[in-house]
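Q: Following is a predicted model, sequence given first.
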Amino acid sequence: MLEEDLVEVFKKLPKESFELLLRNISIRDHMERLWIRYSISGNLKKDEEFDRVFDEIFRFFFRPLEMFLVGEQYIRYILPSPDILKIAEGQREVFEAYEDFMLSLVSHMGLTAEILSGFTVSKTAKSLTDSFVRKWWEMAKVRYKLELDGYRLFNEYPFILSKETSNDLFEAANHWDEFREAFFVYRDMMRKTYDESVDDFIEMTNSRKIESFEEFMQEFAKNVAEKFDELIKSERYLSVQKKMLGSLMDYTYHMRRFFESILEQNPINPFATVSEMDEAYRRIMDLKRKIRSLEKKIKELEKRLEEGG
Amino acid sequence: MLEGLKDIHVSPWSCEFDVVDEDWLFRLIHFKSRKRRRLKTPVLIVYAYINRPYILDLHERVSVVRKMLEAGLDVWMIDWGYPKRADRYYKIEDYVDYIDRCVEIIKNEKKAESVTLHGYCLGATLSTIYASLFPENVRNLVVQAPPINFNTDNTLAVWARYIDPDKVARAMGNASGDFLNFAFLLVDPIRLAVEKYQALLDRLDNEKFIHDFLYMDHWIFDSPSIPGGVFEEYISRWYHKNEVIEGRYRVFGKRVDLKRIKMPTLLLIAEKDHITPPDCAIPFYEIIPSQDKLMLQVNKGHIGLTVSSSSHRELWDRAIAWIVERSR
């Protein structure tokens, strides 16, 4: 199929259907390879083709959860962790070196300009230019110095944040650990169940002759599906899934609140946070219900008046 | 190999309609009919707030709406829309209230005393709640794959009992469509993410199969979010506490009493339904005091009940005849 045709198919299908379709083409490809080996030798062995099939099926389900794991790494760089503080300290040294360099450069340029300006501009103009450059530079130094001092603030983070903000950060960290732990247990549980179903499938295919690829494929899917039917209703699965989802939701909430409260406490911040908007939505919804209730009462009154009551 | 897929243009809603009312998120639509004769009692279809209502009018060949129109019924439908963050504080009560508003609009416009309320899936739960609160407005109640008893052992129900809905709503605002799709696929990962697509690969030369497959997949993944407030309430009060069937559910301060379902009631169920298995509905059917009740079932799944050709042959003709008889 031409690439442009594939783009056309992508445009037509929901993105989930398109992805699942491509993954299933790949699954079929791996299964066909297994089938060829089986039909030649009459024997099936556990090999990497089964691993690839697992990957094709479960990437679709693991990916949204892994996105959280990756996303958390990006968020971590925003926070004042020891690593980040080290980077900040390193930056401070670079800025100081750069400041020395700039000062030398400005002195050099100043001296060069002084020599040259003696030939090109009047004394008055030269004096004004010198004065402007000096003032500008003093002002820049003050500003520059202030920013350098800003790096120290990183070390004082616990004293800058409000108690509530810090607590949200601690809560988020705790829930994050719970989520990570549960996710890895969950992933291993899926993998183990799949491996067991593959073992059963291999045992079955090696104990009786399968006549066609269609039957081979159906038996494989049936074996895996039945194993997963058992798994997803097991007490262990349910408690891991509950812990994973609950901790992910708690992490998401507290992390958002952490960032929001930093913004909410900063008078320079020009943006409303999601929680502030939510509060507005809640009040609007309450008002809507009150209006609807009043409308109903008016209608009832009108009806009663019409009926002469 | 996939060339056939790009030639099919998916365009659901096969019947024309007018939008009669809009209320921020919700809207009421009225289907246009070519038939002159209209029966006395209009039908109001209330679909679930998960997925989209056009499953009942997916395409011409399997449109329940079209069949109803052809039988001379006057068909209306509520569309619950695509909730955004701003809608996170909607409650189930607001949905029931909108049904009431729609019933009033239809009654006024058609000079009818009451309507046939046809609920599907969670829309059937809403319809049942409405019918028990305002029985005078419901001439006939049709409930299709209704979850009324939530204490069942299908995987979705078991999972729902292991969810903290308040945590989901607090973190995400709404239960997003992606989140719901993920859960619906993970309930049966091999059959839904592998076997189904392998079947498609086997039949890429079958135009009708491809057509139906793409329409279905388009619908499956066209998933609106559920407002956070609704998600919290329906998981905790319906799945965790099973309040509706046990007569403890309250709306507008009034108790939902299923003993008030005395109007003619038609129950449509699918034997292979893994979302709302027959166990969700049969206790309801047994509990209601209606003297004119009928249960029709097909050997299909939750959606096959609506879109399979065999359901149209075996069930829908009878179901619509039942409604027509009681709409004169």
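A: It's in. Here the structure is a predicted model, which means the values were calculated and not measured.
Q: I'd guess residue B:248 is in a helix, am I close?
A: No - according to DSSP: H, G, I helix; E, B strand; the rest coil, residue B:248 belongs to no helix; its state is coil.
Q: Kindly tell me how buried it is, as a neighbour count.
A: One way to gauge burial is a neighbour count; for residue B:248, by other Cβ atoms under 10 Å in any protein chain shown, it gives 12. Heads up, the C-betas are built off the backbone N, CA and C, glycines and all.
Q: wait, isn't it in contact with residue B:255?
A: Yes - using Cβ atoms under 8 Å, residue B:248 is in contact with residue B:255, at 7.5 Å.
Q: bridging residues for the spatially most central residue of chain B?
A: The centre of chain B sits closest to residue B:120, judged by Cα atoms, centre = their mean, with a distance of 2.6 Å. Listed beta-bridge partners, residue B:120: residue B:144 (assigned using DSSP bridges).
Q: ok, it touching residue B:302?
A: No - here residue B:120 lies out of contact with residue B:302, judged by Cβ under 8 Å, at a distance of 9.7 Å.
Q: who touches both of those two?
A: Overlap between the contact sets of residue B:120 and residue B:302, as judged by Cβ atoms under 8 Å, 6 or more residues apart in numbering or on different chains, is given by residue B:145.
Q: what's the spacing between the residue of the stretch 201-328 of chain B found nearest chain A and residue A:187?
A: Nearest to chain A, among the residues of the stretch 201-328 of chain B, is residue B:221, at 3.6 Å (Cβ to the nearest Cβ). Residue B:221 is 25 Å from residue A:187, where distance means Cβ to Cβ, to the nearest Å.
Q: now residue B:328
A: 60 Å.
Q: Surely residue B:295 is in a strand?
A: Yes - the assignment for residue B:295 is a strand, going by three-state DSSP.
Q: ranges for the helices of chain A?
A: Secondary structure of chain A (DSSP state H): helices at A:3-12, A:15-41, A:48-78, A:82-120, A:123-150, A:152-155, A:157-160, A:163-207, A:213-232, A:235-265, A:274-306.
Q: Any chance of a markdown table for the ones you listed, columns mean pLDDT and mean neighbour count?
A: Supplementary listing: these in a markdown table, determined by pLDDT from 0 to 100; neighbours: other Cβ atoms under 10 Å in any protein chain shown:
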| stretch | mean pLDDT | mean neighbour count |
| --- | --- | --- |
| helix A:3-12 | 78 | 14 |
| helix A:15-41 | 94 | 17 |
| helix A:48-78 | 86 | 15 |
| helix A:82-120 | 78 | 11 |
| helix A:123-150 | 73 | 11 |
| helix A:152-155 | 65 | 13 |
| helix A:157-160 | 76 | 11 |
| helix A:163-207 | 95 | 17 |
| helix A:213-232 | 95 | 18 |
| helix A:235-265 | 95 | 19 |
| helix A:274-306 | 95 | 12 |
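Q: Could you dump those helices into JSON lines and include distance to chain B?
A: Below are the helices of chain A laid out as JSON lines (distance: least, Cβ to the nearest Cβ, whole Å):
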{"stretch": "helix A:3-12", "distance to chain B": "4"}
{"stretch": "helix A:15-41", "distance to chain B": "4"}
{"stretch": "helix A:48-78", "distance to chain B": "6"}
{"stretch": "helix A:82-120", "distance to chain B": "25"}
{"stretch": "helix A:123-150", "distance to chain B": "33"}
{"stretch": "helix A:152-155", "distance to chain B": "28"}
{"stretch": "helix A:157-160", "distance to chain B": "25"}
{"stretch": "helix A:163-207", "distance to chain B": "9"}
{"stretch": "helix A:213-232", "distance to chain B": "4"}
{"stretch": "helix A:235-265", "distance to chain B": "4"}
{"stretch": "helix A:274-306", "distance to chain B": "4"}
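Q: In CSV: the ones you listed, plus distance to residue B:313.
A: Rendered in CSV, the data for these read as follows (distance: least, Cβ to Cβ, whole Å):
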stretch, distance to residue B:313
helix A:3-12, 30
helix A:15-41, 28
helix A:48-78, 35
helix A:82-120, 67
helix A:123-150, 75
helix A:152-155, 72
helix A:157-160, 70
helix A:163-207, 37
helix A:213-232, 28
helix A:235-265, 40
helix A:274-306, 44
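Q: Just give the closest residue to residue 285, not the sequence neighbours.
A: By default, I'm working from chain A. Of all residues beyond its chain neighbours, the one nearest residue A:285 is residue B:89 (4.1 Å), with distances taken as Cβ to Cβ, 6 or more residues apart in numbering or on different chains.
Q: not what I meant, chain B
A: With Cβ to Cβ, 6+ apart as the measure, residue B:267 is the residue that lies nearest to residue B:285, at 5.0 Å, once sequence neighbours are left out.
Q: Can you pull out the low-pLDDT segments for the stretch 51-200 of chain B?
A: Across the stretch 51-200 of chain B, no stretch falls below the confidence threshold (pLDDT under 70).
Q: can you map out the helices along it?
A: Counting by DSSP state H, counting those that start in this stretch, the segments of the stretch 51-200 of chain B that form helices are B:64-70, B:92-110, B:122-133, B:155-161, B:165-172, B:177-186, B:189-190, B:196-202.
Q: Output the contacting helices and strands for the third one.
A: Judged by 3 or more Cβ pairs under 8 Å, 6 or more residues apart in numbering or on different chains; DSSP states H and E, helix B:122-133 is in contact with strand B:43-46, helix B:92-110, strand B:115-120, strand B:138-144.
Q: Show me what counts as buried in that helix.
A: B:122, B:123, B:124, B:125, B:126, B:127, B:128, B:129, B:130, B:131, B:132, B:133 (16 or more other Cβ atoms under 10 Å in any protein chain shown).
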